[in-house]
Every structure is written in structure tokens, then in C-alpha cells.
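In: Got a sequence here, can you model it:
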Amino acid sequence: MTVRGFITYSTPLPKKELRYSILQRDVDTNQKLYDTLLAKIKESNIEETLDASNIRLDEEAVTPLNPVKPKKMLNFILSLIFGLMTGVGFAFLREYLDRTVRTEEDVRRYLGIPVLSVIPEADKGKSKIKPAYFLKGKKKEQYVFKQLFLENYQIKSSFAEAYRTLRTNIYFSFMEKPFQSLVITSAGEGDGKTSTVANLAYIISQTGKSVLMIDADMRKPMLSRLIESEKSPGLTGLISEIIGAEIRKGSLDDFSISDLFRLLGLQKKTGLLQLFDKKEKVEIFFLKGKAIHLNWPNRPEEKKLAALLLKEGVIEKEHAEIALDRQKYSEEKLGLILLNMGLLKEDKLKAYLAIQMMEGLRIALQMKTGSYAFTPLPETDFEKSLFYPVELHHLYKQIFVGEEHLPFFQKKTESVILKTGVENLFLMPSGFIPPNPSELLGSEQTAFLISYLKKRFDVLIIDTPPVMPATDALLAASYTDGVAMVIRGGLINREMLKRTVEQLRGARANVVGVALNRIDVKKEGYYKYYNKYYPTYYGEKN
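Out: So this is what the prediction gives:
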């Protein structure tokens with residue numbers, strides 16, 4: 001190495017010396033690896049040669065008499081406890097989530113109306129009707145409905161006893177007066193109101209009373225399927241015949257005076273009805289169906305108003321002559337002229353006019369043979385003389401007091417009513433389905449028919465559509481004695497039932513109570529005597 005000033009110059013090592021250094025490092029590395037591997041081999045050989053062990057036998061193994069796991073008794077007890085807790089929990093959860101009505105307590109708590117009867121699920125196996133599996137469609141529905149008819153079960157069965165209880169409690173609901181008409185309805189579909197109508201009517205007919213079932217469900221008429229009813233025009237046909245009855249000219253042999261009064265009233269006619277027989281003629285004026293005035297053209301002179309007032313000393317003869325002269329030159333009635341002259345007070349005039357009207361009505365009602373003619377008139381003709389102090393239609397009602405002779409109505413209703421084959425039990429089918437069921441059921445014609453049928457039968461049981469889908473039952477309730485609701489346990493939400501009861505009460509219906517229908521007494525825990533005491537009491541065998 002030569003140093004010149006501050007600059008240093010180096011000479012490279014020889015190549016052989018450098019190569020020797022590299023090989024020397026490789027030898028050292030390999031030697032170390034070899035030493036390590038040799039040490040490991042020696043340790044392994046030493047362990048193989050050693051025979052000593054730290055394991056010793058404490059005691060000999062013995063086959064156990066009982067299995068260690070699973071512990072069946074403990075598992076059974078735990079599963080029983082867990083199952084009971086889960087079941088109770090689900091029961092409480094189901095009870096909490098269940099918003100339907102199932103028991104009498106539910107009805108009283110949520111609806112606030114009495115329970116008339118608890119009707120158990122019908123045991124179709126005990127029905128006298130043999131199964132008919134080959135039936136289909138409408139015939140199958142008819143068969144299923146007939147199978148629920150009480151006539152097919154033993155009179156001592158719990159199913160029949162439930163309807164006897166229903167009948168008795170309904171009678172008790174009308175302690176002040178006997179009921180003649182009852183509407184059976186429900187909140188929704190599927191509650192069994194139609195079978196309740198049939199069975200209630202049947203059980204009432206067994207007491208000797210004549211009972212008419214009316215199928216007023218003009219939307220889904222199930223009661224009409226109880227017997228063949230295709231040939232009967234039904235309720236809708238009867239009402240249409242009443243509304244459409246032609247009243248122009250005819251014989252009093254076909255229509256009585258009462259028939260004519262009722263028909264003109266129901267049809268809201270305005271005009272003049274003339275009645276003739278061999279001796280007499282009577283004219284009756286109608287305004288919108290109400291009889292407002294009567295004229296007896298050939299009334300004897302001694303029975304005319306002026307002669308009657310003179311005879312009673314109410315007016316003087318000279319005053320009567322003046323009034324009669326004025327009447328000749330005007331279109332005013334004699335009574336109005338006397339009032340305007342101050343010769344007569346209105347209350348006295350009404351009394352004498354009522355006597356005259358009553359005499360004229362009696363003459364008309366005595367016409368058993370003869371003819372009639374009705375002439376329609378515009379309502380403006382009656383506006384010329386608005387003085388009608390005596391309400392003729394009220395006098396007409398006072399004469400009859402419900403004892404009208406209505407051969408036309410009798411003939412028409414008899415053609416509609418069907419015999420059921422059970423003594424004292426009859427059926428009026430619904431007829432064709434109209435486009436406006438609510439309007440038809442709430443019409444004055446239907447109300448009159450119900451009042452007329454009350455005189456013909458002891459009891460009317462009316463089947464109507466459910467309240468929630470339609471208002472038909474609310475309309476029918478207005479002209480009947482009461483309403484009974486049918487509730488199938490566990491079917492309808494109680495809020496819907498509450499609204500149904502509110503609607504019925506809003507319509508001022510007399511809600512007599514509830515029939516809980518199709519109750520599984522074993523499942524729901526109803527009346528233990530149904531299964532234990534009841535058969536023993538009647539001597540039945542299950």
C-alpha cells in the first residue's frame with residue numbers, strides 16, 4: 001500500500017486467498033449442522049434404549065352396573081318441568097293473542113248481553129240420516145244442512161236439550177208480552193245462524209204453536225234449501241206481486257175493500273177509488289197511498305152535513321141556507337164555508353165529519369159484491385183544496401182494529417208458504433235474489449207482510465244476512481219483537497262482535513241475547529254434566 005499525501009491506494013487480494021476464505025466459511029457452517037444433527041440422533045437412541053415408565057396401575061377396571069350418561073330420570077324430570085312451563089307459556093300467549101269469543105264469560109265481559117244457550121258441536125255420527133259420500137255441489141250442501149236439523153237427533157240428546165234451553169230463555173226474555181217474531185242474525189258468515197233458525201223453529205213447533213220460518217237472507221239463502229222450493233215464488237216474488245198488482249177495474253170478488261185499501265197504500269197511489277154495487281156508490285180519494293176524503297154521492301138527505309147540524313141544533317136554518325147557496329157558486333166544501341162564516345168551530349166540525357166518514361166507510365165495507373174502478377190523478381188536483389180535517393186512514397184503522405178481511409193477500413201468501421213435513425212447522429223461502437235486498441227488506445211492503453203473517457202464525461223466525469256485510473238485519477229488526485245473535489265460538493274477532501251489537505242497538509233493536517253455537521264442550525271445558533251427568537240423568541248411553 002502506497003500513501004501519497006492524503007490519497008490511499010489499495011492492491012486487491014489474490015484470487016486463491018479469497019476463494020479459500022469462502023470455502024473455509026462453508027466448512028464451518030456444515031460442521032455446525034453436522035454436530036447438531038449428530039446430537040439429535042444420539043438423544044433419540046438413548047430414549048429408545050430406556051425401558052422405564054412413569055405410568056402405574058391404581059386399580060383394575062370394573063364393568064359399571066348403571067350407565068353414567070344419559071341420566072334418564074333427571075332428563076325426564078327436567079323435560080317434564082320444561083315442557084309444562086313451555087305449554088303454560090304458550091297457553092297464556094294463545095289466550096293473550098286470541099281475540100275471539102269462546103265462553104259465556106267472554107260474552108258477558110265484552111258484549112254485555114246474556115247468553116241464551118250454549119249449543120254443542122253436533123255429533124253427525126248420531127244423526128238418523130245415513131252418510132251420502134257420492135253427493136256433490138248443491139246437493140251436498142243441502143245434505144250437510146239437513147244433517148244438522150234437530151229432527152234427525154234423539155229428543156233426549158244434549159244437542160236437542162241446548163235448543164230447548166234456547167227456547168225457554170227466549171220466552172223468559174219476553175216476560176211482559178209473548179213474542180211473535182224474532183230475527184236470527186250473526187256478525188259474519190259461518191256462525192250457523194241458519195241451522196239455529198231451523199232447529200229453534202222445530203223445537204217451538206213441538207209445543208203445539210204454528211211456526212213459520214222466513215228466509216229473508218236474499219243474498220245467500222241457505223234456509224230455502226231445507227226443502228225443495230223452486231216452485232215457490234218466495235218472499236221476493238210475493239213482494240213483487242204486491243207491488244206490481246194491477247188496480248184499474250175489476251170485481252170485488254177478487255179484491256175486497258180491505259185489499260184495495262192496503263194495495264193502494266203500499267203502492268203509494270194517488271187518485272180516486274170508486275166502489276159500486278147494485279144500490280150504493282162510494283168515492284174515496286187517495287193521496288200518496290193515504291185515504292184522505294170520502295164522498296157518498298147518494299147519501300140520504302137526512303144524513304148530509306147540513307141536515308145533521310140542523311138536527312143537533314148547532315146552526316140555524318137560515319145560516320144553513322146561506323151556506324148552501326154559497327156552496328152552489330163555489331167549489332168550497334160546506335164545512336169550510338161554515339168555518340169561514342164563524343158558525344162552527346173546527347173541533348165540532350171534525351166530530352160531525354168523522355161521523356159522516358164513518359157511515360160512508362161502513363157502506364163501502366158492506367159491499368161484498370160489485371165492482372171497483374181506480375182513476376189515477378195528479379197530486380196538484382189535491383192542492384186546490386187542502387182542507388181535510390178528518391184523517392180517513394185513521395178512521396179506517398179504528399174500524400178494523402186488525403180484523404181486516406184480505407182474501408187477495410191470503411191467497412198470495414198461501415201460494416208461497418211451504419209445508420216442511422213437520423206438524424206446525426212451515427217455510428217461506430226467499431225466492432229469486434233481487435238486485436236491492438236491503439231496500440226490499442226494509443220496505444213498507446215487507447213490514448206489512450210481517451204484520452199480516454203474525455196474525456196467521458203464532459211465531460215467526462226470520463233468517464237474515466250477517467250484520468257486518470249487510471244492513472238487512474238492522475232493517476228487519478225495526479218491525480219484529482226482538483233479535484237473537486248466533487256466535488260460533490272462536491270464529492269472529494270480539495271487536496267485530498262489539499261493533500255488531502252497537503249497530504243493532506243503534507237501530508233500536510231489542511237484542512234478547514246470544515246463542516253460542518258449535519262449542520266443543522270437551523275442549524272448552526263447558527258444563528261437565530254434558531258428558532258426565534246429562535247422559536246419566538236421561539238414562540242415555542254414550
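In: okay, CA-based contacts and neighbour counts for the rest of this
Out: OK.
In: domain parsing for this structure?
Out: Domain ranges of the chain: 104-232+417-538, 240-390, per automatic domain parsing.
In: Need the mean per-residue confidence for the shortest one.
Out: By that I understand domain 240-390. Domain 240-390 shows an average pLDDT of 85 in the prediction.
In: mind listing what's buried in stretch 212-227?
Out: Buried residues in stretch 212-227, counted by 16 or more other Cα atoms under 10 Å: 212-219, 221-226.
In: and of those residues, the nearest to residue 356?
Out: Closest to residue 356 out of those is residue 212 (41.2 Å), distances taken as Cα to Cα.
In: which residues of the stretch 401-542 of the chain fall in helices?
Out: Secondary structure of the stretch 401-542 of the chain, counting by DSSP state H, counting those that start in this stretch: helices at 407-416, 437-441, 444-456, 472-477, 494-506, 521-524, 533-538.
In: re the thing from before, quick check: the two most widely separated of the buried residues of stretch 212-227?
Out: The widest separation within these (Cα to Cα) is 20.0 Å, between 212 and 219.
In: who wins for proximity to residue 399 among the domains of the chain?
Out: In terms of Cα to Cα, the element of these nearest to residue 399 is domain 240-390, at 8.3 Å.
In: Endpoint to endpoint, that closest one covers what distance?
Out: Taking Cα to Cα, to the nearest Å, domain 240-390 runs 32 Å from one end to the other.
In: Same check on stretch 254-274?
Out: Start-to-end, stretch 254-274 (Cα to Cα) is 15 Å.
In: And stretch 429-448, by the same measure?
Out: Stretch 429-448: ends 17 Å apart by Cα to Cα.
In: need the domains of the chain in CSV with distance to residue 63, can you?
Out: Shown next, in CSV, are the domains of the chain (distance: least, Cα to Cα, whole Å):
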stretch, distance to residue 63
domain 104-232+417-538, 51
domain 240-390, 97
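In: so which of those domains comes closest to residue 86?
Out: domain 104-232+417-538 (19.5 Å).
In: Please work out the average pLDDT along the closest one.
Out: Rounded mean pLDDT across domain 104-232+417-538 is 83.
In: Let me see the ranges of the strands in the stretch 151-300 of the chain.
Out: Here the stretch 151-300 of the chain has its strands, by DSSP state E, counting those that start in this stretch, at 181-185, 211-215, 249-251, 271-276, 281-287, 290-295.
In: just so I know, which of these lies nearest residue 175?
Out: The closest of the strands of the stretch 151-300 of the chain to residue 175 is strand 181-185. By Cα to Cα, the value is 14.6 Å.
In: relative to helix 444-456, how tilted is the closest one?
Out: Angle of strand 181-185 versus helix 444-456, following axes from the mean of the first three to the mean of the last three Cα atoms, to 10 degrees, is 120 degrees.
In: Please determine how far the residue lying closest to residue 181 once chain neighbours are set aside is located from residue 369.
Out: Excluding the flanking residues, the one nearest residue 181 by Cα to Cα, 6 or more residues apart in numbering is residue 460, at 4.5 Å. To residue 369, residue 460 is 34 Å away according to Cα to Cα.
In: more crowded one of the two?
Out: Taking other Cα atoms under 10 Å, residue 460 and residue 369 do not tie; residue 460 has more neighbours (25 against 16).
In: and after the lengthiest helix in the chain, which helix or strand comes next?
Out: For the chain, the helix with the greatest residue count under DSSP state H is helix 15-49. Using DSSP states H and E, the helix or strand that directly follows helix 15-49 along the chain is helix 72-97.
In: Can you list the helices and strands that whatever helix or strand comes next after that following helix packs against?
Out: Using DSSP H and E, the helix or strand that follows helix 72-97 in sequence is helix 104-106. Helices and strands touching helix 104-106, as assessed by 3 or more Cα pairs under 8 Å, 6 or more residues apart in numbering; DSSP states H and E, are absent.
In: ok, the next helix or strand after helix 104-106: who's next to it in the sheet?
Out: Counting by DSSP H and E, the next helix or strand C-terminal to helix 104-106 is strand 115-120. Strand 115-120 has the following sheet partners, assigned by DSSP bridges: strand 511-519 (parallel).
In: one step back: who's in contact with the residue nearest to residue 181?
Out: 180-182, 211-214, 453-454 (Cα atoms under 8 Å, 6 or more residues apart in numbering).
In: ok, back up a step: turn the helices of the stretch 401-542 of the chain into a markdown table, including distance to residue 57 and mean neighbour count.
Out: Below are the helices of the stretch 401-542 of the chain laid out as a markdown table (distance: least, Cα to Cα, whole Å; neighbours: other Cα atoms under 10 Å):
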| stretch | distance to residue 57 | mean neighbour count |
| --- | --- | --- |
| helix 407-416 | 106 | 16 |
| helix 437-441 | 99 | 19 |
| helix 444-456 | 105 | 17 |
| helix 472-477 | 94 | 25 |
| helix 494-506 | 76 | 17 |
| helix 521-524 | 65 | 12 |
| helix 533-538 | 74 | 13 |
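In: Output the ones you listed in CSV, with distance to residue 32 appended to each entry.
Out: Shown next, in CSV, are the helices of the stretch 401-542 of the chain (distance: least, Cα to Cα, whole Å):
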stretch, distance to residue 32
helix 407-416, 125
helix 437-441, 113
helix 444-456, 122
helix 472-477, 111
helix 494-506, 94
helix 521-524, 91
helix 533-538, 105
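In: hang on, residue 276 packs against residue 368?
Out: No. If you go by Cα atoms under 8 Å, residue 276 and residue 368 don't touch, sitting 10.2 Å apart.
In: and those two? which has more neighbours close in?
Out: residue 276 (18 against 14).
In: in the sheet, who's paired with that one?
Out: residue 281, residue 371.
In: Return the distance of it relative to residue 415.
Out: According to Cα to Cα, residue 276 and residue 415 sit 29 Å apart.
In: and if you look at residue 517?
Out: According to Cα to Cα, residue 517 stands 34 Å off from residue 415.
In: Which residues are in contact with residue 267?
Out: 243, 289.
In: contacting residues for residue 277?
Out: Contact analysis of residue 277 by Cα under 8 Å, 6+ apart lists 367, 369-371.
In: is it true that residue 188 touches residue 492?
Out: Yes. Taking Cα under 8 Å as the definition, residue 188 is a contact partner of residue 492 at 7.2 Å.
In: Of those two, give the one with the bigger neighbour count.
Out: Taking other Cα under 10 Å, residue 188 and residue 492 do not tie; residue 188 has more neighbours (23 against 20).
In: what's near enough to touch the nearest residue to that one once chain neighbours are set aside?
Out: Setting aside the residues directly before and after it, residue 188 is nearest to residue 466 in space (Cα to Cα, 6+ apart), at 5.1 Å. For residue 466, the contact set (Cα under 8 Å, 6+ apart) comprises 185-189, 473.
In: Could I get the phi/psi values of the residue nearest to residue 500 when sequence neighbours are not counted?
Out: Spatially, and ignoring its direct neighbours in sequence, residue 500 is nearest to residue 187 (5.9 Å; Cα to Cα, 6+ apart). Torsion angles at residue 187 (phi, psi; degrees, to the nearest 10) stand at phi -80, psi -40.
In: From residue 517, how far off is residue 187?
Out: When Cα to Cα is applied, the distance between residue 187 and residue 517 equals 13 Å.
In: next one: residue 343
Out: From residue 343 over to residue 517 the distance is 71 Å, taken as Cα to Cα.
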